[in-house]
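Visitor: Quick one: sequence plus predicted model below, questions after.
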Amino acid sequence: MLDGNVIEVENITKKFRVYLDKGHTLKEKILFKRRRNYEDRKVLRGISFQVKKGEAIGLIGHNGCGKSTTLKLLSRIMYPDTGEIRMKGRVSSLIELGAGFHPDMSGKENIYINASIFGLSRKEIDQRLEDIIAFSELEEFIDNPVRTYSSGMYMRLAFAVAINVDADVLLIDEILAVGDAGFQAKCFNRLKEIKAKGTTIVIVSHSMGQIEQICDRSIWIHEGEIRAEGIPKVVDMQYLDYMGEQRQAIAEKELRRQEEKAQKREEKGKEKQEKKQVAEKNSAEQAEGIKKRWGNGKAAIEKITLLKADAQPGISFKTGDQIKIRIDYSVKEFVKDAIFGIGIFRVDGVHCYGTNTRIDQLEEFDLKEDGTVYFSVDSLHLLQGSYSLDVAIESDVGTPVDYFREACRFDMFSSMQDVGVSRVEHKWEM
C-alpha cells in the first residue's frame, strides 16, 4: 500500500445470481427445470478509490447503485469477484446494528457478545463497559433481556457498542437515524470526535447535509461505476441535479401515461359516464361542505396547461425555471369587467402566492366569446415540494364566475437546500 493510505480499492467488480423462480425441493428441481433460470446482475463494474488515514469519505447514489455492496466488501462480509481491496488496522462496521444480539440475554451480556464480534478481548470490554452503558443511556434497563427493549433502545445499545471499539477504520451504512433527535445529535457529535482523533471513516448516506458536515470527499456511484468524485458540496450538487432531472422525467412519463389513458377512455365512449361520476363526486363534496368549484356559470375554465420554457406541457419544474400557465375558457353569457386570478398553495395548505388581473392593473375587459389567457413567470423560485394551483374568473363586483380550487397539481425540485417556501435571491458579504 502507498504511504498514508488506509484503504485501497482497485478495480473491484461484483455480480449476484438472481433466480427468476428457484425450485427448493428435489421434486421441484426435477419436474420444473425451467424454474432454475437465472440472470447475473452486475452491481459493481470496476470501482477504484483510495482513502488516507484520518480521511472521511461519503458514498452517495440512488438506491441499488452499489453503495452498500461496496461497504460490505470493505467490511469483508462478502468478497469481490475481481479486483483487490487492501486495508490497514482494526475495522468496525456500523452496517447491521445489533447483528449477533441474543433476545433472551440481558443488555449487558449482549454488549460482551457484540463487542467480541468486533474483535475486543474480555479485558478490553471490561474497561469500556461503563462508557458503553453510559453512552447508550440505558442504565435502568441494562440487566433486562433485549427482547423487552423498544426498537430505539435496541439500536441505541448496538450503536454504543460499535462506536466504542476504537477502530482504525469505521464503516457506516445509513444508521445515523438512531433514537430520538437528542440522541441522533449525540451520535453525530461522537462521530466528529472520532474523526478528529484520526479514525478513517467511510459513510453511506442519502442525507447530503450529513455528508457535507463530516466528509472530506464524496464519491458518487452510479450504475456500479464512479461517476464523480471530489469536494462534497460540488459532487452532492451534481447528484441532486441528476436526481431532480430523473424525477422530472418520471413525472413527464406519468403525464403522458395519464393523457394516453384519458384518450383511450374517450375513444371508448366513456366520457359521458366520467362526467356523471365527476358531477356525483362534486355533489357529494358539496354535501360534505367541501367545495372544489363554484360560481354563477356565465363562463367556465375548460382546461389548464402548465408549459415549460420550450412550450411543452409539464408537471415538474426546477427551482428558477420559466413557467407559463395556459387557461382555456368558454363563455355562455356576457361577463362585464372580467377578472382572472391565480393562487399557488403548498400541499399542506400554505398559501404561497396569489394575484389577479386587477391587482396587476390590467385594462378592464369583457368576456364575450371563448378564449385563452396566459400567465407567465420568468423564474419561479418556489422550493422543492408539491403544489396546487387555484384558478378563478370573477366579474366586476368580485362575483365568482368560475372559481376552480386545486385545478391542477405540480412538483418543484431543486438541488438547493434552502428552507421555507421560496428561494430569495441574496448574497453574503464579510
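Guide: Ah, there it is.

Visitor: what pLDDT does residue 416 get?
Guide: We have a pLDDT of 75 for residue 416.

Visitor: Kindly report the same for residue 184.
Guide: Per-residue confidence at residue 184 stands at 77 (pLDDT).

Visitor: What helix or strand is it located in?
Guide: Taking DSSP states H and E as the criterion, residue 184 maps to helix 181-196.

Visitor: next helix or strand past that helix?
Guide: For helix 181-196, the succeeding helix or strand toward the C-terminus, using DSSP H and E, is strand 200-204.

Visitor: Please write out the alpha-carbon positions of the helix or strand just after that next one in PDB.
Guide: Sequence-wise, the next helix or strand downstream of strand 200-204 (DSSP H and E) is helix 208-214. The C-alpha coordinates for helix 208-214 follow below in PDB (Å, rounded to 0.1, in the frame of the first residue of the first chain):
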ATOM      1  CA  MET A 208     -26.400  15.400   1.900                       C
ATOM      2  CA  GLY A 209     -26.200  17.500   5.000                       C
ATOM      3  CA  GLN A 210     -24.600  14.700   7.000                       C
ATOM      4  CA  ILE A 211     -22.100  14.000   4.200                       C
ATOM      5  CA  GLU A 212     -21.100  17.700   3.900                       C
ATOM      6  CA  GLN A 213     -20.700  18.100   7.600                       C
ATOM      7  CA  ILE A 214     -18.400  15.200   8.300                       C
END
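
Visitor: Now helix 208-214: buried residues?
Guide: Residues of helix 208-214 classed as buried by neighbour count (16 or more other CB atoms under 10 Å): 208, 210, 211, 212, 214. All C-beta atoms are positioned from the backbone trio N, CA, C, and that covers glycine.

Visitor: Output the contacting helices and strands for it.
Guide: Helices and strands touching helix 208-214, by 3 or more CB pairs under 8 Å, 6 or more residues apart in numbering; DSSP states H and E, are strand 56-60, helix 181-196, strand 200-204, helix 232-267.

Visitor: mean confidence score for that helix?
Guide: Average pLDDT, helix 208-214: 83.

Visitor: Tell me the first helix or strand C-terminal of that helix.
Guide: That would be, after helix 208-214 and using DSSP H and E, strand 217-222.

Visitor: Next SSE downstream of the lowest-mean-pLDDT helix or strand in the chain?
Guide: Here the helix or strand of the chain ranked lowest by mean pLDDT, DSSP states H and E is helix 271-287, holding a mean of 57. Of the helices and strands lying after helix 271-287 in sequence (DSSP H and E), the nearest is strand 293-294.

Visitor: Sort out which residues of whichever helix or strand comes after that following strand are buried, please.
Guide: Downstream of strand 293-294, the first helix or strand assigned by DSSP H and E is strand 299-307. Buried residues in strand 299-307, defined by neighbour count with 16+ other CB under 10 Å: 299, 300, 301, 304, 306, 307.

Visitor: the inter-axis angle of strand 299-307 versus helix 232-267?
Guide: Relative orientation of strand 299-307 versus helix 232-267 (axes from the mean of the first three to the mean of the last three CA atoms, to 10 degrees): 140 degrees.

Visitor: could you say what helices and strands the next helix-or-strand element following strand 299-307 packs with?
Guide: Remark: after strand 299-307, the chain's next helix or strand is strand 316-318, criterion DSSP H and E. Contacting strand 316-318 under the criterion 3+ CB pairs under 8 Å, 6+ apart are the following elements: helix 232-267, strand 400-413.

Visitor: change it to 6 Å
Guide: Secondary-structure packing of strand 316-318 (3 or more CB pairs under 6 Å, 6 or more residues apart in numbering; DSSP states H and E): strand 400-413.

Visitor: Could you give the separation of the strand it packs on from the chain centroid?
Guide: Its chain's average C-alpha position is 25 Å from that of strand 400-413, according to CA atoms, centre = their mean, to the nearest Å.
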